[in-house]
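Q: Have a look at this fold, sequence not included:
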């Protein structure tokens, strides 16, 4: 029993804390609802789409930092009321940081993992901003405070390391040399486990030195992210503090590692479709986070007694380095951060599930004894034995001098080893002192320059990396670009940066920027090609996406807060210049439509990535262009309701004139693969193994992220309204096929023809006044696609083709017309016969309120035609619909045909007899029911005229909806727009009034004639 109890005590479960942050600007603008509630350490999350669907989780710690706080004079966020529920930075540190520190001082390894989607508050909890210090700086302050308080009883040594894992490559963020190609290697030793070979460890005497090292590492991380075109939100950052405590009196040494890990963003890319990218998971970007999830799941299964054959620590660099933290020799804490907004439901739920699995992991932590101290004790013991032997030899005097000499040499060697081990710490400190002095001089110099000169400040997607790099513009003329050979140059690197990119001139307290030929320079969202005078807080984008904020002369600065000019501000400014900007909702309220807001933020997020992809394509000679588009911007469904809008990327192979449409998810995945190819290309160029200008086109086509097999593209849609079918009135239309963004792609001539079961068109006598007369009866009609005119798709490249796709009522599969190629005005001549054997109210409602959406599909050379899912049927004559109410199956019609023929023959005979009786009654002057058929036919003709006129009215309404002023319009342009809008409204009103007036007149005439006839007969 004792052994079992001791074993249980040695197992430490991973402690898990969850922290809920406040809404950010994006969520506030979207009018987001809070869907997370918290009671004690229990958290409940509600599905925003289903109010009754709730999930509850229980953790070791739960922190409510969403509301109930205020900002004091010093800038600290504190609870509004004493004892309030708001959890500030101090509360988090007292629970988590103090425990980590206590474990480290006791000699245990300790690990803190921060997990959550990008923007969920990981960096704020780990590092903090301004006076609101996070866990890492507070931990360092308390660590050195504890060292000072206990310096009489122990000697402490602290070493600091900082590294980043990006794309399975380890980067030393404190390295003084050039970056190692492929990153540092991770090796394994039996005693040490996995470690990073060549990682720089720097001794520290106080928390200020640690803070300076973190700033240095952050600067390196920022520069590397720019040079390597990497996204910091996709990288993991590890800070390693090695603490060695030497207790001289007890002759005990305790050594522990404190691992502080800021994991990459855990958000899942939202897919616009279910397409599977052929190169999905081909990049190592997601490997570490995916493997970490697999390791946590396996360890959680082990904890509940499941049999697990293999725990995949070795599958990624991150899990190798965290092996001791997960199921090994460490006491581990995970803090999971999440947003409480309804628009982040899926990501927040995923984070909670991840954290729930992690809390089941059990570690076996032990107090660590330093191998170095053990070696010193062993050497001292051996020296004592050697001295005893030398003493005995001296007394006996019988041994040879050679043996005495050998023992003295061994003793001297051991003493040297002891001295070397004991002086190692002092040597490290002396070496580090030189670095501190140099860094202090650099910091002092930078601060002095900030008070003298204007400069540009880097702005990064990761707020932690913004404001790190300052490039000063001293008096005179300064070149900026890749080159560093001129006397006055400012060296920057990044995609699209030329050798000499632009020229800064600082003369007479005025700073100007002049772009050089072939370089891309954007100021405040607008591309500039001429000399531009810069004003304080101007926004600069150099090359593809090197973003800087211009800070003017000290006299211009005042107390400006430049923090609002974040990365999103730059991209929003760019989007506005392209005509994409947020507008107020149509209801006149100041709150933006949340769906539009989501599209807007997706757009500005992808803009820099698209610019970088275009630059990489250009440098690698791929001949591929990328362009952002808003899918379904001007399109609607069969009811006329707007379709869900989302961002897609149009990919064009310029030389071959091939086009692809990639979802956001697919593009992001491909972008990382492009980065891999580009970085390999740059490495080859730096080794001079390939000539200037050659690309990594040696990649096989199936591995090339810039290429895809061609496939049909949806070019646009047109709506053919079905209301006339409910009255059995034929309809002939010239439809405008509109592209996703409202551009005219073609004109489509189409007809709806009510007909008999054999396909004969119905006459005017068959027109109905009341659609309910169709209930329970058979309805036949044909959709006739006549011709397509002015195809823009084929006008751009003659080797292309088109097809028309559509589906009707509850068709499970779309139907397609035969493909036509190489013709701008192709004759389609495609007819499809539909039949409802038993017309229901549901079908009748559908006909009166819906349209058949005709999709124009573009075909490219090498792609397969779209095929209708018709088994055993002729698609020209029939189109099967998987429905009990709407059936177009040829086999069903053939089985029913014979019965219908006999019924039809009987009906014709009966009809002939009735007509003879009617004529006889009319000739005899008998009053009867003859007025009704005549009036019914006249009503039907009037309705037909009315529906045709309403078609043109509907077209005018659609044109009014699409009519928008130009983004570049001045006051005169807006006046012209208002005049044009007024004219269109007047035309619409006149057409509508004329149609209704004509119908009234026709009905009045019919009623008048009916009364006249009634008067005669009476």
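A: Good, I have the coordinates. Values in this document were obtained by computation on a predicted structure and should not be read as measured data.

Q: Okay, helices next: where are they in the stretch 301-450 of the chain?
A: For the stretch 301-450 of the chain, the helices defined by DSSP state H, counting those that start in this stretch cover 317-321, 345-358, 371-396, 401-450.

Q: Tally up the residues packed near residue 638, please.
A: Residues lying near residue 638 (other C-beta atoms under 10 Å) number 20. Backbone N, C-alpha and C define where each C-beta goes, glycine included.

Q: Report the beta-bridge partners for residue 42.
A: In this entry, residue 42 is beta-bridged to residue 39, residue 58, by DSSP bridges.

Q: Quick check, it in contact with residue 60.
A: No - the pair residue 42 / residue 60 is not scored as a contact, 11.5 Å apart, by C-beta atoms under 8 Å.

Q: that older thread, of the helices of the stretch 301-450 of the chain, which shows the lowest average pLDDT?
A: Mean pLDDT per stretch puts helix 371-396 lowest among the helices of the stretch 301-450 of the chain, at a mean of 64.

Q: Compare residue 42 and residue 60 and say which is more crowded by neighbours.
A: A count of neighbours by other C-beta under 10 Å puts residue 60 above the other of residue 42 and residue 60, at 16 against 12.

Q: Contact partners for the residue lying closest to that one once chain neighbours are set aside?
A: What sits nearest to residue 60 in space, not counting adjacent residues and going by C-beta to C-beta, 6 or more residues apart in numbering, is residue 15, at 4.7 Å. When contacts are counted by C-beta atoms under 8 Å, 6 or more residues apart in numbering, residue 15 touches 60-61, 96, 99, 332-334, 359.

Q: And for residue 139?
A: Each residue near residue 139 by C-beta under 8 Å, 6+ apart is listed here: 93, 97, 100-101, 258, 260.

Q: rerun at 10 Å
A: 93, 96-98, 100-101, 104, 110, 112, 126, 133, 207, 210, 239, 241, 258, 260 (C-beta atoms under 10 Å, 6 or more residues apart in numbering).

Q: again, but for residue 466
A: By C-beta under 10 Å, 6+ apart, the contact list for residue 466 reads 222, 457-460, 547, 549, 562-563, 565-567.

Q: just the helices in the stretch 701-850 of the chain please.
A: Taking DSSP H, counting those that start in this stretch, the helices of the stretch 701-850 of the chain run over residues 792-796, 841-849.

Q: quick one: which of those is nearest residue 474?
A: helix 792-796 (51.3 Å; C-beta to C-beta).

Q: on that earlier part again, just the buried members of the contacts of residue 139?
A: 93, 96-97, 100-101, 104, 110, 112, 126, 133, 207, 210, 239, 241, 258, 260 (16 or more other C-beta atoms under 10 Å).

Q: Closest to residue 381 out of those residues?
A: residue 104 (29.2 Å).

Q: Correct me if wrong: that closest one contacts residue 241.
A: Yes - the pair residue 104 / residue 241 is scored as a contact, 7.8 Å apart, by C-beta atoms under 10 Å.

Q: got any residues that touch both of these two?
A: With C-beta under 10 Å, 6+ apart as the test, residue 104 and residue 241 both reach 110, 139, 143, 256-258.

Q: Could you tell me which of those residues are located in strands?
A: Taking DSSP state E as the definition of strands, the shared contacts of residue 104 and residue 241 contribute 110, 256-258.

Q: Just give me the closest of those to residue 913.
A: Nearest to residue 913 among those, counting by C-beta to C-beta, is residue 110 at 101.3 Å.

Q: how close does the closest one sit to residue 709?
A: 51 Å (C-beta to C-beta, to the nearest Å).

Q: now residue 450
A: Residue 450 is 54 Å from residue 709, by C-beta to C-beta.

Q: which of those two has more neighbours?
A: For residue 450 versus residue 709, the count of surrounding residues by other C-beta under 10 Å is larger for residue 450: 16 against 12.

Q: Spatially nearest residue to that one, not counting backbone neighbours?
A: Among residues not flanking residue 450 along the chain, residue 470 sits closest, at 6.9 Å (C-beta to C-beta, 6+ apart).

Q: Go ahead and confirm the one you found touches residue 459.
A: No - Residue 470 lies out of contact with residue 459 (C-beta under 10 Å); the separation is 11.9 Å.

Q: in a helix, that's where residue 680 is, yeah?
A: Yes - the assignment for residue 680 by DSSP: H, G, I helix; E, B strand; the rest coil puts it in a helix.

Q: which parts of stretch 145-163 are buried?
A: Within stretch 145-163, the residues that count as buried by 16+ other C-beta under 10 Å are 146-147, 154, 156-163.

Q: got it, and stretch 792-807?
A: Result for stretch 792-807 [16+ other C-beta under 10 Å]: buried residues 792-794, 800-807.

Q: just stretch 761-778 next, same as before
A: Buried residues in stretch 761-778, counting neighbours by 16+ other C-beta under 10 Å, are found at 762, 767-768, 771, 774.

Q: Can you work out which residues contact both of residue 470 and residue 459?
A: Joint contacts of residue 470 and residue 459 (C-beta under 10 Å, 6+ apart) are residue 548.

Q: Please report phi then psi for residue 656.
A: Residue 656 adopts backbone torsions of phi -90, psi -10, taken as degrees, to the nearest 10.

Q: ditto for residue 623
A: phi 70, psi 30.

Q: Surely it is in contact with residue 654?
A: Yes - proximity of residue 623 to residue 654 meets the contact threshold set by C-beta under 10 Å, at 5.2 Å.

Q: Now for those two: what residues contact both?
A: Residues touching both residue 623 and residue 654 (C-beta under 10 Å, 6+ apart) are residue 617.

Q: strands paired with whichever helix or strand residue 159 is part of, and their directions?
A: Using DSSP states H and E, the element containing residue 159 is strand 155-166. Its sheet considered, strand 155-166 pairs with strand 169-172 (antiparallel), strand 202-204 (antiparallel), strand 236-247 (antiparallel) by DSSP bridges.
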